[in-house]
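Chemist: mind looking at a prediction? Sequence and model below.
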Amino acid sequence: MAAGAQRTMRSVEFRREREATWRELESLIAEADRRGLRRLSAEQLARLPHLYRATLSSLSVARSISLDRALTEYLENLVGRAYFVVYGTRQALRRQLAAFFAWRLPAAIRRAKWHLLVAFVVTMAGAVAAFQLTSSDMDYYYAFVGDMAQGRTPASSTAQLRDGLYDGGDQAGVLALFAAKLFSHNSRVAILVFSLGFIAGLPTLMLLFYNGLVLGGFAALYHARGLGVDLWGWVLPHGVTELLAVLLCGAAGFQLAHGLVFPGARTHLDSLRERGREASTIVVGAVLMLLVAGLIEGIFRQVVTSVPVRYTVASATAAWWIFYFGFVGRRREREAA
Amino acid sequence: MKPGLATASAARMRELVTPEGIPVRFELAAAGERAGAFLLDSLFQGFLIAGAMIALWIATRYSSHTQAELLLILLFLVPNLYFSLFELRWQGGTPGKRLLGIRVIDARGGQLENGAVLARNLVRELEVWVPLRFLVGGKIVWPGAPGWALLVAGAWTFVFLLMPLFNRDRLRVGDLVAGTRVVVQPKTALVPDLVDEHAAAPDKRAAYAFTEQQLGVYGIYELQVLEGLLRRPAGTPGYLEAVAAVTEKIQAKIGYESRIDDAERFLHDFYAALRRHLEQRLLFGQRREDKHAK
């Protein structure tokens, strides 16, 4: 029986029918990879999911009826490449950004409120402990504040300390440098606090406590010299935002730890994954807050010296954050749930 | 492909189920590829920062104070934003990854979410920068610690840096937290169907025919090995010898009595007939994996 007289093989026929589709998908993906998904025309974008599903079904069929290994490999690779394009990140960044600020961020923070409370308690514990110890014995100051003192120690006179709170500083350059340094330093610490949550949250606890110690020691020195009101006038305008940001990162770190240690009904990995995404939303928000705090600090602190204005700014920022985290986006959060 | 490479690749294949319900296999990126991509990306980041500094300095001759500020801001922004922005815009790719042909995907086969991209990159602070800072000078990270503690802490942070080597799926801490994987971007090359091509060729010489019994000797594995041989370009060294050797072997195994003038033609005809035979059996749900199977 000559080969030519036989009916064409199913797999050959199948390929002849479908090959054009695969070629089209291949060229579409190549273009999307080369120029970016956005540059595709509307018709191309509309064709893409159709071609993708057609190729997927071809892969299924090929696996069951064709023994041509090269063909099956080709289809697997093609589907893999198409998968990247079809299931890569969504493109509408602008809309995503708007949604982020409008409700995703506040909602994520509200969901982490107990973690936030824990972070707050730990920091306060450190601050109170350091305050008491330093007030009773000023030598503790060096142990707690150490390198962060920047020249303001118990050895300085009260006049020097007061000047430090109100000094105009040199030129604008120094301000901006300070703000920039603080932004990158604090943001680094914030991100570190978050990522350390991965290790079951213990380093996060320690870092927050340590942060509290520094605050407490510092406060004790100024209070002992009767400069309490001035100190808080100096710290609070930016400090409210900054401290809140660090607490948020601590909360995010605890979210990670929570997911790792108490996965509930899910596997550890799944739980970590869900919480990780939540938590990173919070960290992004916290880093932005640190930027704001850095700007306020750099611009306001050395320039605005009147105590009532400083306190007003501090209260305003506190009120704003309470409003933003507590109330913004509640309706959309309910709708999305 | 050398046998060693083939098995290493095979060991890295992972299957995931797309949202449509079809299992698709991907090859995980090797640790070396990921490290290479990261180094390339770091290099590009360095260029970006240097370029930005130079451009700004040329455009407006700032004082050294402002330069230091800008440098600090850039040193913070670029490492933290580079990866996230690229992975968001390029569907899980960065310039370094693209050069090495690897990409980020969601581990469970769904959409790669923006939150996942952010999460996996934020944790890099812990994985990379902390260990590196320990390397450079432990006192920066942990002021006032005794020497031995610095050593221990440094070694411990290295666990995070080398995490991809310690698990089968080559996961970074960032991948664990975000639920992503890094895989090799597959290459697509459609080669002609052997049977189709062969049938289209003008029939100059007599075709070889086989009985049912002769076709029942081999299974799918042997068919695909034969396919691999036949797909080799005609000019490669050793091709003709391989063809002759395989023809002889098959002839002996299936008991083909008639004379064979054209070994290559024989193999093509045998391939076509065997494939037709085996595919027919597939339709009845009988899958003969190899010559030893029943």
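Modeler: Received the coordinates, thanks. All figures in this text were calculated on a predicted structure; none of them were measured in a lab.

Chemist: how about residue A:205: what's its closest non-neighbour residue?
Modeler: Nearest non-adjacent residue to residue A:205, counting by C-beta to C-beta, 6 or more residues apart in numbering or on different chains: residue A:122, 5.7 Å away. Backbone N, C-alpha and C define where each C-beta goes, glycine included.

Chemist: other SSEs contacting the host helix or strand of the one you found?
Modeler: In this assignment (DSSP states H and E), residue A:122 forms part of helix A:113-136. The contact analysis (3 or more C-beta pairs under 8 Å, 6 or more residues apart in numbering or on different chains; DSSP states H and E) places helix A:113-136 against helix A:140-144, helix A:202-224, helix A:228-261.

Chemist: list the buried residues in that helix.
Modeler: A:115-116, A:118-120, A:122-123, A:126-127, A:129-131, A:133-135 (16 or more other C-beta atoms under 10 Å in any protein chain shown).

Chemist: contact partners for the residue in the stretch 1-150 of chain B that chain A sits nearest to?
Modeler: Across the stretch 1-150 of chain B, no residue is closer to chain A than residue B:91, which sits at 2.4 Å (C-beta to the nearest C-beta). Residue B:91 sits next to A:37, A:84-85, A:88-89, B:103, B:112 when contact means C-beta atoms under 8 Å, 6 or more residues apart in numbering or on different chains.

Chemist: where does chain A have low pLDDT?
Modeler: Residue ranges of chain A with pLDDT under 70: A:1-6, A:89-93, A:146-152, A:163-187, A:300-303, A:337.

Chemist: if we use 50, what do you get?
Modeler: A:1-5, A:171 (pLDDT under 50).

Chemist: closest point of it to chain B, which residue?
Modeler: residue A:88 (2.4 Å).

Chemist: does that residue touch residue A:36 like I think?
Modeler: No. The pair residue A:88 / residue A:36 is not scored as a contact, 10.8 Å apart, by C-beta atoms under 8 Å.

Chemist: more neighbours: which of these two?
Modeler: residue A:88 (23 against 13; other C-beta atoms under 10 Å in any protein chain shown).

Chemist: how about the helix or strand hosting residue A:95: buried residues?
Modeler: In this structure, residue A:95 sits in helix A:93-99 according to DSSP H and E. By 16+ other C-beta under 10 Å, the buried positions in helix A:93-99 come out as residue A:96.

Chemist: which helix is the longest one in chain B?
Modeler: helix B:31-59 (DSSP state H).

Chemist: which parts of the stretch 151-294 of chain B are strands?
Modeler: For the stretch 151-294 of chain B, the strands defined by DSSP state E, counting those that start in this stretch cover B:180-184.

Chemist: near chain A, which residues of it? Just list them.
Modeler: Within the stretch 151-294 of chain B, the residues that sit near chain A (C-beta under 8 Å from any C-beta of the partner chain) are B:173, B:176-179, B:183, B:185-191, B:193-196, B:199, B:203, B:207, B:209, B:220, B:223-224, B:227-228, B:231, B:269, B:272-273, B:275-276, B:278-279, B:282-283.

Chemist: winner for burial among the helices and strands packed on helix A:113-136?
Modeler: Of the helices and strands packed on helix A:113-136, the one with the most neighbours on average (mean count of other C-beta atoms under 10 Å in any protein chain shown) is helix A:228-261, at a mean of 24.

Chemist: report all helices and strands that that helix contacts.
Modeler: Using 3+ C-beta pairs under 8 Å, 6+ apart: helix A:228-261 touches helix A:113-136, helix A:158-166, helix A:172-195, helix A:202-224, helix A:268-296, helix A:307-327.

Chemist: alpha carbons of the first one, in CSV - could you do that?
Modeler: Output in CSV follows, covering the C-alpha atoms of helix A:113-136 (Å, rounded to 0.1, in the frame of the first residue of the first chain):
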residue,chain,number,x,y,z
LYS,A,113,-4.8,48.2,63.0
TRP,A,114,-4.0,45.7,65.7
HIS,A,115,-0.5,45.3,64.3
LEU,A,116,-0.2,49.0,64.4
LEU,A,117,-1.3,49.0,68.0
VAL,A,118,1.4,46.5,68.9
ALA,A,119,4.0,48.6,67.2
PHE,A,120,2.9,51.6,69.1
VAL,A,121,2.9,49.9,72.4
VAL,A,122,6.4,48.5,71.9
THR,A,123,7.8,51.9,70.9
MET,A,124,6.1,53.5,73.8
ALA,A,125,7.5,50.9,76.2
GLY,A,126,10.9,51.7,75.0
ALA,A,127,10.4,55.4,75.2
VAL,A,128,8.9,55.3,78.7
ALA,A,129,11.6,53.0,80.0
ALA,A,130,14.4,55.2,78.5
PHE,A,131,12.8,58.3,79.8
GLN,A,132,12.5,57.1,83.4
LEU,A,133,16.0,55.7,83.4
THR,A,134,17.6,58.7,81.9
SER,A,135,15.7,61.1,84.1
SER,A,136,17.1,59.3,87.1
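
Chemist: next, the angle helix A:228-261 makes with that helix.
Modeler: Angle, helix A:113-136 to helix A:228-261, by axes from the mean of the first three to the mean of the last three C-alpha atoms, to 10 degrees: 140 degrees.

Chemist: which residues sit against helix A:113-136?
Modeler: Against helix A:113-136 from outside (C-beta under 8 Å, 6+ apart): A:109, A:140-141, A:144, A:204-205, A:208-217, A:219-221, A:223-224, A:243, A:246-248, A:250-252, A:254-255, A:258.
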